[in-house]
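Student: sequence and computational prediction follow.
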Amino acid sequence: MKPIYLKNHFYKSLVFSLLAAISVQSFAGLLINPKRIVLEDRERGASLDLLNDGSEAARYQIYFEQKVMRPDGSIVDLEELDESATYAKDMIRYSPRRVDIEAGARQTIRIAARRPKGLEDGEYVSHLVFKEIPIPASASNKQEDEDLTVTLKPKLKIAIPIIVRKGELNATAGINDISFLSEDGRFGAFKLNIEREGNVSLYGSVEVFEVIGGESGERVAIAKGVGVYTDVESRSISVRLPKALNPDVRDYMLRFDEDEKYGGSNWVEVPFSVSQ
């Protein structure tokens, strides 16, 4: 984005408003596929594609960060690395580490894992970060103004999990502490905890179905991409409703369906009744 130089205060205010709108659009311009990578035991490599869905060229710096999951499901930066621990980033090589992607274009990132000899069985996780950085404007496009210089500095930052597994791993899932919160969101939400027991993370969808006459009926809500990492044994989640519940239905079935694509097979269903 070229620097913008202004003298009139009215136009300054107008341009600041325009810059805010442009920033939101450019921040939504990166699509990543897939949104997580899992290298199962003996798998050594994978790739992911970046798509610049914006209207201008973009530049991204690519690097690792170490994060942890909290019981509320949020993922935050690890405050201090354990020097004795092994993380996925310690086993991963990837390229390129910085990319320029034209509008509408794609870029493939190659990932390779090398597990060290003697590595203990387990799951190792790090987050690969894609941080947008400014592309300097060319000198020929610069204008000079003594009053004001406004330069867009993109701050888009997306992180996806890279998971390396070794050995025979398994986990079982459970659902408990279910409640219905009528004030959560526009139409309310089902709140629950997903329990994890074992040495590997869970990843799947939470669905809510009507139960009429003892049979499952219409699905009324779904939350996709629900993970429970090995940092926690339980995490909470709220599944918000896209429309109001049928006032004639009291009974529901909540289901956690683990995604087989990432090595899971858990299928858990728990009934719940909503008080009218």
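Tutor: Cool, got the structure.
Student: so for the helix or strand encompassing Ser236, mean pLDDT?
Tutor: Using DSSP states H and E, Ser236 sits in strand 234-240. Across strand 234-240, the average pLDDT comes to 97.
Student: how far off centre is the helix or strand just after it?
Tutor: Sequence-wise, the next helix or strand downstream of strand 234-240 (DSSP H and E) is strand 251-258. Distance of strand 251-258 from the chain centroid (C-alpha atoms, centre = their mean, to the nearest Å) equals 22 Å.
Student: over to stretch 259-266?
Tutor: Per C-alpha atoms, centre = their mean, the centroid offset for stretch 259-266 relative to its chain is 18 Å.
Student: can you give me the end-to-end span of that stretch?
Tutor: Terminal residues of stretch 259-266 are spaced 8 Å apart (C-alpha to C-alpha, to the nearest Å).
Student: pull the contacting residues for Asp251.
Tutor: 210-212, 271-274 (C-beta atoms under 8 Å, 6 or more residues apart in numbering). Glycine gets a C-beta too; all of them are placed from N, C-alpha and C.
Student: and those, which two are the farthest apart?
Tutor: Across those, the longest distance by C-beta to C-beta is 14.3 Å; it joins Ile212 and Phe272.
Student: coming back round to it: what strands line up against the strand holding Ser236, and which way round?
Tutor: Strand pairing for strand 234-240, determined by DSSP bridges: strand 189-198 (antiparallel).
Student: check the offset of the partner strand from the chain's centre.
Tutor: How far strand 189-198 lies from its chain's middle: 18 Å, per C-alpha atoms, centre = their mean.
Student: where does the stretch 151-276 of the chain dip in pLDDT?
Tutor: 151-155, 276 (pLDDT under 70).
Student: so the closest residue to Glu218 other than its chain neighbours, which state does it fall into?
Tutor: Among residues not flanking Glu218 along the chain, Glu210 sits closest, at 5.0 Å (C-beta to C-beta, 6 or more residues apart in numbering). Three-state assignment for Glu210 (DSSP: H, G, I helix; E, B strand; the rest coil): strand.
Student: for Leu202, what are its contacts?
Tutor: Leu202 neighbours (C-beta under 8 Å, 6+ apart): 171, 173, 194, 196, 226-228, 256, 258, 264, 266.
Student: one more time with 10 Å
Tutor: Taking C-beta atoms under 10 Å, 6 or more residues apart in numbering as the criterion, Leu202 is in contact with 171-173, 194-196, 226-230, 235, 256, 258-259, 262, 264, 266, 268.
Student: may I have stretch 42-61 as PDB, with CA atoms only?
Tutor: Output of stretch 42-61 as PDB, limited to C-alpha atoms (Å, rounded to 0.1, in the frame of the first residue of the first chain):
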ATOM      1  CA  ARG A  42       6.000 -42.900  10.600                       C
ATOM      2  CA  GLU A  43       4.600 -40.000   8.500                       C
ATOM      3  CA  ARG A  44       7.500 -37.700   7.600                       C
ATOM      4  CA  GLY A  45       6.000 -34.900   5.500                       C
ATOM      5  CA  ALA A  46       3.100 -32.800   4.500                       C
ATOM      6  CA  SER A  47       2.200 -29.500   2.700                       C
ATOM      7  CA  LEU A  48      -0.300 -26.700   3.000                       C
ATOM      8  CA  ASP A  49      -1.500 -24.100   0.600                       C
ATOM      9  CA  LEU A  50      -1.800 -20.400   1.200                       C
ATOM     10  CA  LEU A  51      -4.300 -18.400  -1.000                       C
ATOM     11  CA  ASN A  52      -4.200 -14.700  -1.100                       C
ATOM     12  CA  ASP A  53      -7.900 -13.900  -1.400                       C
ATOM     13  CA  GLY A  54      -7.300 -10.200  -1.100                       C
ATOM     14  CA  SER A  55      -7.100  -7.600  -3.900                       C
ATOM     15  CA  GLU A  56      -3.400  -6.800  -3.400                       C
ATOM     16  CA  ALA A  57      -0.100  -8.600  -3.100                       C
ATOM     17  CA  ALA A  58       0.800  -9.700   0.400                       C
ATOM     18  CA  ARG A  59       4.000 -10.700   2.200                       C
ATOM     19  CA  TYR A  60       4.100 -13.200   5.100                       C
ATOM     20  CA  GLN A  61       6.800 -14.200   7.500                       C
END
